[in-house]
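1. this one's structure only:
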């Protein structure tokens, strides 16, 4: 019986047979492995072997992937710092009838990775854009989390600082009333994000580290517990924050006196400024920070 396992030689032979539905002048958005190379699809390999050019977030990493599977398609960089200038040239090539595969370092372009700008320009020019689905960190962690409520929100990476970060945590707080939240975080910022999550979440969450890679690890606990356990973060992190328990949802807004007391408690417990303490309380009840802050000053 023929061995059904698909090694690099077998896959290269498959690719040489061509991609039946291949159309010139098409932009293929190709998902690549998030860690384990065996997760790439046969269809993705066929497309990567048939296109004129591969536009890659990092040509070195994508080059390693192509060489592993015996693919010699030329590569050109298309990353966050040059996409604006590179995309018009790629669109010109597509309009001339060339086909291009867009890939990021891992996962799917345009999802917390470069690529959306090129896709937008291609669509505006009337170019066919075809998605080649594949590995997804978001789908993987949702399937492994065993959530008991349907629906989830994906919020990407939390902004590093400023108003954007504050707004991100407000979105997260509101989203948790309706379903789980999935987000990514870098190793050097994961503890800071977990510390801020302590203000909003007092129940267990799930943290996936190095998903599908050699040192894959899954941790579960409250944000407070996980800060203690993740003392020297390494690798890439994906967080799954389950929906806020039904019992934790406020059935009615607290009284004004209760809100004032909560602001005072938040300021004392966390050594926060009065305005930051007001933001923490406001986020819990979907109120504006300005309203709660002014209320706390009104004695």
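-> That came through, no problem. Since this is a predicted model, take the numbers as computed values, not measurements.

2. per-residue confidence for the spatially most central residue of the chain?
-> The centroid of the chain falls nearest to residue 156 when counting by CA atoms, centre = their mean (3.9 Å). As predicted, residue 156 sits at a pLDDT of 95.

3. Then residue 268?
-> 81.

4. now do the one 4 residues further on
-> Predicted confidence (pLDDT) for residue 272: 77.

5. now swap in residue 8 and tell me
-> At residue 8, pLDDT is 46.

6. same deal with residue 20?
-> 46.

7. And for residue 48?
-> At residue 48, the pLDDT recorded in the model is 97.

8. just to revisit the earlier point, what residues does the residue nearest to the centre of the chain make contact with?
-> 111, 112, 183, 184 (CB atoms under 8 Å, 6 or more residues apart in numbering). In short, each C-beta sits where N, CA and C put it, glycine included.

9. what's the burial count for the third one?
-> A count of nearby residues for residue 183, using other CB atoms under 10 Å, gives 21.

10. Of all pairs in the contacts of residue 156, which one is the farthest apart?
-> 111 and 183 (12.2 Å; CB to CB).

11. now the strands: where do they sit in the stretch 1-150 of the chain?
-> Secondary structure of the stretch 1-150 of the chain (DSSP state E, counting those that start in this stretch): strands located at 26-30, 53-56, 75-77, 100-103, 128-132.

12. Reformat these as a markdown table; add mean pLDDT, mean neighbour count and distance to residue 161.
-> Converted to a markdown table, the strands of the stretch 1-150 of the chain look like this (pLDDT from 0 to 100; neighbours: other CB atoms under 10 Å; distance: least, CB to CB, whole Å):
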| stretch | mean pLDDT | mean neighbour count | distance to residue 161 |
| --- | --- | --- | --- |
| strand 26-30 | 97 | 25 | 31 |
| strand 53-56 | 97 | 25 | 30 |
| strand 75-77 | 97 | 16 | 28 |
| strand 100-103 | 98 | 28 | 30 |
| strand 128-132 | 97 | 16 | 33 |
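
13. coming back round to it: quickly list what's touching both of residue 111 and residue 183.
-> Common neighbours of residue 111 and residue 183 (CB under 8 Å, 6+ apart) are 154, 156.

14. Surely residue 76 and residue 54 touch.
-> Yes: counting by CB atoms under 8 Å, residue 54 is a contact partner of residue 76 at 7.4 Å.
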